[in-house]
Every structure is written in C-alpha cells, then in structure tokens.
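Chemist: After the sequence you'll find the predicted model.
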Amino acid sequence: MKIYHNPRCRKSRETLQIIEASGNKVEIINYLENTPSEDELQNIVNKLNIPAENLLRKGESIFKENFKGKKLSENEWIQVMVKNPKLIERPIVVRGNKAILGRPPQNVKELL
C-alpha cells in the first residue's frame, strides 16, 4: 500500500492515521519532494478510473492563473501535474490495482 502524502495537509494526515491504525504496512511518498513520473501518474489515474483533469487541485492559484478554462489532453494534464506537483489532489492511496482519493479520509477503508 502506498500513500501519496502531504504532511502539511490535515486530510492527508487523517488518511495516514486510519491506514496505520488498521495495521497495514504503508509506503509514504511525499509527492511534493518526490514527484511521481508521468507513467506513475497515468497509472494512478487509471486505477482511480477518472480523467487526469479530475486529479487537479483547481482551487490553487497556480491552476487559476495558468490553466483555468484550458482544454488539454490527458497526457498534457499529466505533464502539468509533473511540473506542478502542488496541483495533485491529495492524499492518493494505492493498493494493488485499486486507488482512492482520501477525501474524505474514510474513503481509504475501501482498500483496507
């Protein structure tokens, strides 16, 4: 099990707490310091079964100033996230062939 985690995010910390309390081993990836590659992000999007654009934090100023209203391809949105990891929605938990967004944190229980 992996969590793409931002330690400064309350929802991310709550999700990690639920995983740790369940006794599951978890690999913690601080995605702001260790940005996922294009392939990793595509894999995550596929496991979430969502368009890449839906993995973006659209409330961030970087998004509003540079990308709001733009129509980009799946691959282009993934490139945007690789170049601007702050725009990646969090937390993302991956286990095997499944992934969830920890919003709300209780969503992670689907993978436990």
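Modeler: The structure has been received and is ready for your questions.
Chemist: Give me the neighbour count for K58.
Modeler: 12 (other Cβ atoms under 10 Å). (Each C-beta comes from the backbone N, C-alpha and C, glycine too.)
Chemist: shift numbering so it begins at 645
Modeler: Right, with 645 as the first residue, what we last looked at is K702.
Chemist: Can you name the residues that contact it?
Modeler: Contact analysis of K702 by Cβ atoms under 8 Å, 6 or more residues apart in numbering lists 708, 712.
Chemist: which SS class is it?
Modeler: Here K702 is recorded as coil under DSSP: H, G, I helix; E, B strand; the rest coil.
Chemist: what about it, distance to E754?
Modeler: For K702, the distance to E754 (Cβ to Cβ, to the nearest Å) stands at 24 Å.
Chemist: what does I688 give?
Modeler: Going from I688 to E754 by Cβ to Cβ gives 16 Å.
Chemist: ok, those two, which is more surrounded?
Modeler: I688 (22 against 10).
Chemist: so what's the backbone phi/psi at that one?
Modeler: Torsion angles at I688 (phi, psi; degrees, to the nearest 10) stand at phi -60, psi -50.
Chemist: Count the residues that sit near the closest residue to S656 other than its chain neighbours.
Modeler: Excluding the flanking residues, the one nearest S656 by Cβ to Cβ, 6 or more residues apart in numbering is P735, at 4.0 Å. Each residue near P735 was counted by other Cβ under 10 Å, and the total is 27.
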